[in-house]
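Colleague: here is a sequence together with a model predicted from it:
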Amino acid sequence: MAGSIKLGVLGSGSGSNMQAIIDAIESGDLHAEIVLVMSDYEDAYILERARRAGIRAEVIDCGGYKTKFPDERQAVVASRLRDAGVDIVCLAGFMRLVKRPLLDVFPDRILNIHPSLLPAYPGLMAWKQAVDAGAEESGCTVHYVDAGMDTGPIIMQARVPVLDGDDAASLHARIQVAEHGLYPKAIGQVAEELCLG
C-alpha cells in the first residue's frame with residue numbers, strides 16, 4: 001500500500017467504526033492504511049479487532065485518570081503516532097478530550113465522528129439527548145477536532161429520522177449504521193484533499 005494515506009485510530013470501546021474503516025479499505029472503497037490503533041482501556045475490544053486485522057495495537061497509559069487525558073500522556077501518544085508515520089488521526093469512540101500537544105502535532109488532521117447533527121446535541125449520549133428533546137431528526141457528523149467538545153469544523157453529515165416509538169437504543173442502533181457508511185467516506189475526502197494540497 002505504498003503511497004496510501006496512513007491512519008492512526010484512537011478508541012475507547014468496541015471499535016465498530018474502526019471496523020467499518022477496515023472494511024472500506026479491504027473493499028477498495030478507501031485508499032488508506034491503518035498503521036496504529038491505541039486505546040485508553042487495555043480490555044477495549046477495539047484493540048482485539050486491530051490485532052485480528054494484523055494492525056499494531058497499543059494501550060494509552062492515562063496515569064490512572066478515569067476521564068482526564070493529561071498533557072504529558074497526549075505528548076507520548078502524539079509521538080507514537082508520528083513515529084508510525086500517521087497522516088490522519090481518527091477518533092472512533094474515544095472518550096477523552098483531545099487538546100494540545102496532539103492538536104499541535106496533527107493540526108487539521110484529527111477527525112471525529114459524533115452521533116448527532118452537530119451543532120445539535122454535543123457531548124455524551126447524543127442519541128438520548130435527541131429522543132429526550134423530542135427531535136424529529138438526528139444523524140451523525142464527521143468533523144475536525146479542535147480544543148472544544150464537538151465544536152470543530154464539519155466535514156460531512158448523514159441524517160437519520162427519529163421514528164415514532166424510537167427509544168434511545170433503537171435510534172442509536174440506526175445512527176451507528178449511518179456512521180459506518182459516513183466515516184470512511186469522510187476520511188477519503190480529507191485524504192484526497194491532503195494529497196492534492
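Modeller: Perfect, I can see it now. In this text the structure is predicted, and so the values were computed from the model without any measurement.
Colleague: quick one: the strands in this protein?
Modeller: If DSSP state E is used as the criterion, the strands of the chain fall at 5-11, 32-39, 57-59, 88-91, 110-114, 137-144, 154-161.
Colleague: and the second one, what's its mean pLDDT?
Modeller: Same thing as strand 32-39. For strand 32-39, mean pLDDT is 98.
Colleague: counting by contacts, list what it packs against.
Modeller: Counting contacts by 3 or more C-beta pairs under 8 Å, 6 or more residues apart in numbering; DSSP states H and E, strand 32-39 packs against strand 5-11, helix 16-27, helix 45-52, strand 57-59, helix 71-83, helix 168-196. C-beta coordinates here come from the backbone N, C-alpha and C atoms, glycine included.
Colleague: who does that strand pair up with?
Modeller: Using DSSP bridges, strand 32-39 pairs in its sheet with strand 5-11 (parallel), strand 57-59 (parallel).
Colleague: can you check what angle separates the longest one from helix 16-27?
Modeller: Compare the direction of strand 5-11 with that of helix 16-27 by axes from the mean of the first three to the mean of the last three C-alpha atoms, to 10 degrees and you get 160 degrees.
Colleague: next, the angle from strand 5-11 to strand 110-114.
Modeller: 50 degrees.
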